[in-house]
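Asks: Got a sequence here, can you build the structure:
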Amino acid sequence: MEEIGIVTKTEGLTAKVAVQKKGGCEGCGAKGVCETTEAGMEIEALNPVNAKEGQTVKVSIKPSVYLKGTMLVYGFPLIAMFAGAISGKNIGETYMKETSSDLIAAIAGFSALIVSFLGVKLWSHKMETKPEYKPVIEEIIK
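Replies: Residues are numbered from 1 along each chain as shown. Here you go, the predicted structure:
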């Protein structure tokens, strides 16, 4: 994934880059990587090319990192919800015969979904500090 943006601030080995806000930003799970500003989104990226404030740059993130993050943010909660619902249905049918097993399945599914969201949030906070998961300024355009 590549974006073109303007460096707004440099801080040691990283830089803040303002990029245009896209429609997909609303539901994005990468809240720790970028911030919403009046001009668009501000991304914190590694700056190996020593870009300076005001320069236009190309920022990229490895496809494997992007895919891993997408699968974690969207896939893991979905799998957790289905696993919770199936487990809840089995528990309801086996141990709680007086209560509707569908109700137990719904409660267990949504509980697993909520717990998975908390797990994803904790994981994303841990990963945003690792350099291999950060976007990188590839080149200076102007």
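Asks: hang on, Lys52 in a strand?
Replies: No: secondary structure of Lys52 (DSSP: H, G, I helix; E, B strand; the rest coil): coil, not part of a strand.
Asks: Identify the residues contacting it.
Replies: Lys52 makes contacts with 7, 10, as judged by Cβ atoms under 8 Å, 6 or more residues apart in numbering. The way it works is simple: take the backbone N, C-alpha and C, and place the C-beta from them, glycine included.
Asks: can you do 10 Å?
Replies: Counting by Cβ atoms under 10 Å, 6 or more residues apart in numbering, Lys52 touches 7, 10, 15, 140.
Asks: which phi and psi does it have?
Replies: Main-chain torsions, Lys52, degrees, to the nearest 10: phi -110, psi 160.
Asks: can you check the one 4 residues further on too?
Replies: Its backbone dihedrals place Thr56 at phi -90, psi 130, with angles given as degrees, to the nearest 10.
Asks: For the buried ones among the contacts of Lys52, write the corresponding ChimeraX selection.
Replies: Buried residues among the contacts of Lys52 (16 or more other Cβ atoms under 10 Å), as a ChimeraX selection:
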select :7,10,15
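Asks: State the pair within the contacts of Lys52 that is farthest apart.
Replies: Within these, Thr10 and Ile140 form the most distant pair, 12.3 Å apart (Cβ to Cβ).
Asks: Now for the two: what residues contact both?
Replies: Common neighbours of Thr10 and Ile140 (criterion: Cβ under 10 Å, 6+ apart): 50-52, 55.
Asks: burial of Lys58, as a residue count?
Replies: Close neighbours of Lys58, defined as other Cβ atoms under 10 Å, add up to 17.
Asks: show me the contacts for it.
Replies: Counted by Cβ under 10 Å, 6+ apart, Lys58 has contacts 2-5, 17, 49, 51, 136-141.
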